[in-house]
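> no FASTA, just this:
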């Protein structure tokens, strides 16, 4: 099973290949963070039942990019735009490899603020429902322990009760 954390880790791996010398802050960003760097965090994660054995995961994560500043602590909006474009180009493919699977992922440049630029990632995938056991999978220890119809014995003898023993 793949979780939202696994997808965030795959996103961070791609970003680390873009800028191996930059720090990627995860889940929190200190006030005195280094520049250039970025901050990746999960903003939403949802699991919706699809059927008895499957669920659909949907998640969003946000990447905040911080570029270098000059001697007056002013950052270049052009450098931020270039960093944002580099991230968007790195995620131009409609999917990302997470473990041995490929997950649908979109990246969207989500504007800029003073000294930072944003990229929002959205992903969706289907996975097996946590805790589900296929009743037909005999290699699963839980499913194989459940008695099947062919294991139930019944008696063919019939004994009728007298009318006095019947209750209404």
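That came through, no problem. Computed from a prediction, not measured in an experiment: that's the story for all the values here.

> going by C-alpha atoms from here, please, whenever you check contacts or count neighbours.
Will do.

> what are the phi and psi angles of residue 10?
The phi/psi pair for residue 10 (degrees, to the nearest 10) reads phi -70, psi -40.

> could you measure from the residue nearest to residue 130 when sequence neighbours are not counted over to residue 79?
Among residues not flanking residue 130 along the chain, residue 1 sits closest, at 8.0 Å (Cα to Cα, 6 or more residues apart in numbering). Relative to residue 79, residue 1 is positioned 38 Å away (criterion: Cα to Cα, to the nearest Å).

> same check on residue 24?
Taking Cα to Cα as the measure, residue 24 and residue 79 are separated by 17 Å.

> who has more neighbours out of the two?
Per other Cα atoms under 10 Å, whichever of residue 24 and residue 79 has more neighbours is residue 24, with 22 against 17.

> for the more buried one, give me its contacts.
For residue 24, the set of contacting residues under the criterion of Cα atoms under 8 Å, 6 or more residues apart in numbering consists of 12, 16, 37, 38, 39, 40.

> hang on, the first one in a strand?
No - membership of residue 12 in a strand is not supported by DSSP: H, G, I helix; E, B strand; the rest coil, which gives helix.

> can you give me the pLDDT of it?
Per-residue pLDDT puts residue 12 at 97.

> counting by contacts, list what the one helix or strand residue 105 maps to packs against.
Following DSSP states H and E, one finds residue 105 within strand 101-113. Applying 3 or more Cα pairs under 8 Å, 6 or more residues apart in numbering; DSSP states H and E, one finds that strand 101-113 makes contact with helix 77-90, strand 95-98, strand 116-128.

> let's go with 10 Å and repeat that
Where contact means 3 or more Cα pairs under 10 Å, 6 or more residues apart in numbering; DSSP states H and E, strand 101-113 is packed against helix 4-18, strand 54-66, helix 77-90, strand 95-98, strand 116-128.

> what's the angle from that strand to helix 77-90?
With axes from the mean of the first three to the mean of the last three Cα atoms, to 10 degrees defining the directions, strand 101-113 sits at 170 degrees from helix 77-90.

> partner strands of strand 101-113, with direction?
Taking DSSP bridges as the criterion, strand 101-113 forms sheet pairs with strand 95-98 (antiparallel), strand 116-128 (antiparallel).

> hmm, who's touching the lowest-mean-pLDDT helix or strand in the chain?
Lowest on mean pLDDT, DSSP states H and E among the helices and strands of the chain sits helix 141-145, with a mean of 73. Contacting residues not belonging to helix 141-145 are listed as 132, 133, 134, 135, 136, 137, 138 [Cα atoms under 10 Å, 6 or more residues apart in numbering].
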